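I would like the atomic coordinates for the input below:
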Amino acid sequence: MAVTILPFVQQIMIRYIMSTYFAFGLIGNIFNCIIFTKQTLRQQTPCSIYLLALSIFAFVYLLWSVIPLLYTLDHIDPQVQSLVYCKVRLYGSHVLGQFVRFSVVFACADRFFITRTSAHIRAWSSFDTAKKMIAVMCIFWLIAGSHLPVFMDIRGGVCWMFDFYKFFYPIYQCTLVGVLPPVLMSVFGFLTVHTLRQRHATNEHIRQKDRDLMRMLIAEILINIVTSIPFSANLLYGTATFYVVGKSSERVEIENFVNFVSQFLIHLLSVAPFYLFLMSSKSFRREFVHIVRVFWCNYKPQRVQIHPTINQSS
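As a prediction, this is how the structure comes out:
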């Protein structure tokens, strides 16, 4: 029996808040995919390929990670009934989450490459390179995260990690999930912004495009940093208290709730991109408005006017 109100609050957050931003996340990522697959945007910059990949991975991540949470509100958790599902559930969430994060990392790197004076470095910013890097990224994280299905297990009716792996996993997560992606994004983003400020572009159209893309990426960098701080702090706390025994029921519930909130914030990485892009980029807003107008003109109900016919008798 719960000794605090926190488990109830957690259920309320999943049922109402998470389900709401789950819906907004799916809608936003669908719009992202439509916008970034438009030929006019694809021809502008390879960075759009990474942002398209980000949107696809974010869409799949939400389906994979959030739907099971909503299902377990009123049903038995399938993870405690199937060892196979227990092993692949967290593995899928981890791999898809890394796809989302490193799509942003590569988008920031692409902006860094394109601003270099060296033609050899600028050559790394190309559509072929973008497609190859996405493929390499997917293969790498599918292999790098393969330890999860190996060590995940069901014990005492709980699907989780045990023994030494319970100590190793938080360190792995903190390093490769909480620290490395935001640091790489920040480094590439800072160097790119620094270069753009120093460079005197002669083409106003290119300058506007660069500014819009950098605003979009900076917004993504900030949301990654904001969500990774509580996530990393919670992982470090879990590692530091790994050998603490005899925790009270109240402390366990508080720790579980804090862990839930840190994971709750991590889901924002897959919900926020469309809305961040909408707020930070004029060209993105124009494309979105154009798509909405085209859709409305093509699919709005047509008013059919019926004119009475007058029979004239001779």
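
make it CA atoms for all contacts and neighbour counts henceforth
Will do.

So what's the residue count around residue 276?
Look at residue 276: counted by other CA atoms under 10 Å, it has 17 neighbours.

so what pLDDT did it get?
With respect to pLDDT, residue 276 scores 96.

got the contact list for it?
When contacts are counted by CA atoms under 8 Å, 6 or more residues apart in numbering, residue 276 touches 216, 219, 220.

Quick one: neighbours of residue 258, just the number.
17.

for it, what are its contacts?
By CA under 8 Å, 6+ apart, the contact list for residue 258 reads residue 234.

what's the distance between it and residue 233?
Relative to residue 233, residue 258 is positioned 10 Å away (CA to CA, to the nearest Å).

do the same with residue 98
Residue 98 is 19 Å from residue 233, where distance means CA to CA.

between these two, which one's more packed in?
Comparing residue 98 with residue 233 by other CA under 10 Å, the one with more neighbours is residue 98, at 22 against 15.

List the residues that contact that one.
141, 177.

Which of the three states applies to the spatially most central residue of the chain?
Centroid check for the chain by CA atoms, centre = their mean gives residue 270 as the closest residue, at 2.8 Å. The three-state label given to residue 270 by DSSP: H, G, I helix; E, B strand; the rest coil is helix.

From residue 84, how far off is it?
26 Å.

What's the local residue count around the closest residue to residue 157 other than its chain neighbours?
Here the nearest residue to residue 157 in space, its sequence neighbours aside, is residue 80; by CA to CA, 6 or more residues apart in numbering that works out to 5.8 Å. Residue 80: 18 surrounding residues under other CA under 10 Å.

And residue 293, by the same measure?
Residue neighbour count, defined by other CA under 10 Å, stands at 12 for residue 293.

from the chain's centre, how far out does stretch 262-272 sit?
Put simply, stretch 262-272 sits 7 Å off its chain's centre (CA atoms, centre = their mean, to the nearest Å).

Figure out the length between the terminal residues of that stretch.
Taking CA to CA as the measure, stretch 262-272 stretches 16 Å from start to finish.

Average pLDDT for it, rounded please.
Average pLDDT, stretch 262-272: 93.

can you check stretch 2-21 too?
Mean pLDDT, computed over stretch 2-21, is 91.

Not counting it itself, show me its contacts.
Where contact means CA under 8 Å, 6+ apart, the residues beyond stretch 2-21 that reach it are 66, 69, 70, 73, 249, 250, 253, 254, 257, 260, 264, 271.

Quick check: buried residues in it?
For stretch 2-21, burial by neighbour count (16 or more other CA atoms under 10 Å) applies to 6, 10, 11, 13, 14, 18, 19, 21.

which helices and strands does the lengthiest helix in the chain pack with?
The helix that spans the most residues within the chain, counting by DSSP state H, is helix 204-240. If contacts are counted by 3 or more CA pairs under 8 Å, 6 or more residues apart in numbering; DSSP states H and E, helix 204-240 sits against helix 83-114, helix 164-173, helix 180-198, helix 249-266, helix 268-271, helix 273-280, helix 282-299.

nearest to residue 149, of those helices?
helix 83-114 (4.2 Å; CA to CA).

quick one, that closest one and helix 204-240 angle?
Here helix 83-114 runs at an angle of 140 degrees relative to helix 204-240 (axes from the mean of the first three to the mean of the last three CA atoms, to 10 degrees).

Report the mean confidence score over helix 83-114.
Per-residue pLDDT over helix 83-114 has a mean of 96.

If you count neighbours, what's buried in the very next helix or strand once past it?
Helices and strands here follow DSSP states H and E; after helix 83-114, the next one along the chain is helix 119-122. Neighbour-count burial for helix 119-122, counted by 16+ other CA under 10 Å, picks out residue 122.

following helix 119-122, which helix or strand shows up next?
Sequence order places helix 127-144 as the next helix or strand after helix 119-122, per DSSP H and E.

other SSEs contacting that following helix?
By 3+ CA pairs under 8 Å, 6+ apart, helix 127-144 packs against helix 47-71, helix 83-114.

what's in contact with the helix or strand containing residue 149?
Taking DSSP H and E as the criterion, residue 149 maps to helix 147-151. By CA under 8 Å, 6+ apart, the surrounding residues in contact with helix 147-151 are 86, 87, 88, 90, 91, 161, 162, 165.

Looking at that helix now, give me its mean pLDDT.
The average pLDDT for helix 147-151 rounds to 95.

List the buried residues for that helix?
So for helix 147-151, counting by 16+ other CA under 10 Å, buried means 148, 149.

Same check on stretch 284-304?
284, 287, 288.

Stretch 82-102 now?
Residues of stretch 82-102 classed as buried: 86-102 (neighbour count, 16+ other CA under 10 Å).

Output that stretch as CSV, restricted to C-alpha atoms.
Extracted in CSV, the C-alpha atoms of stretch 82-102 (Å, rounded to 0.1, in the frame of the first residue of the first chain):
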residue,chain,number,x,y,z
SER,A,82,7.0,-12.0,-21.2
LEU,A,83,10.7,-12.3,-20.8
VAL,A,84,11.2,-11.5,-24.5
TYR,A,85,9.2,-8.3,-24.2
CYS,A,86,11.0,-7.4,-20.9
LYS,A,87,14.3,-7.6,-22.8
VAL,A,88,13.3,-5.7,-25.9
ARG,A,89,11.1,-2.9,-24.4
LEU,A,90,13.9,-0.8,-22.7
TYR,A,91,16.3,-1.7,-25.5
GLY,A,92,13.9,-0.3,-28.1
SER,A,93,13.3,2.9,-26.1
HIS,A,94,17.1,3.4,-25.6
VAL,A,95,18.0,2.8,-29.2
LEU,A,96,15.3,5.1,-30.6
GLY,A,97,16.1,7.8,-28.0
GLN,A,98,19.7,7.7,-29.2
PHE,A,99,18.6,8.0,-32.8
VAL,A,100,16.7,11.1,-31.8
ARG,A,101,19.6,12.7,-30.0
PHE,A,102,22.3,11.9,-32.5
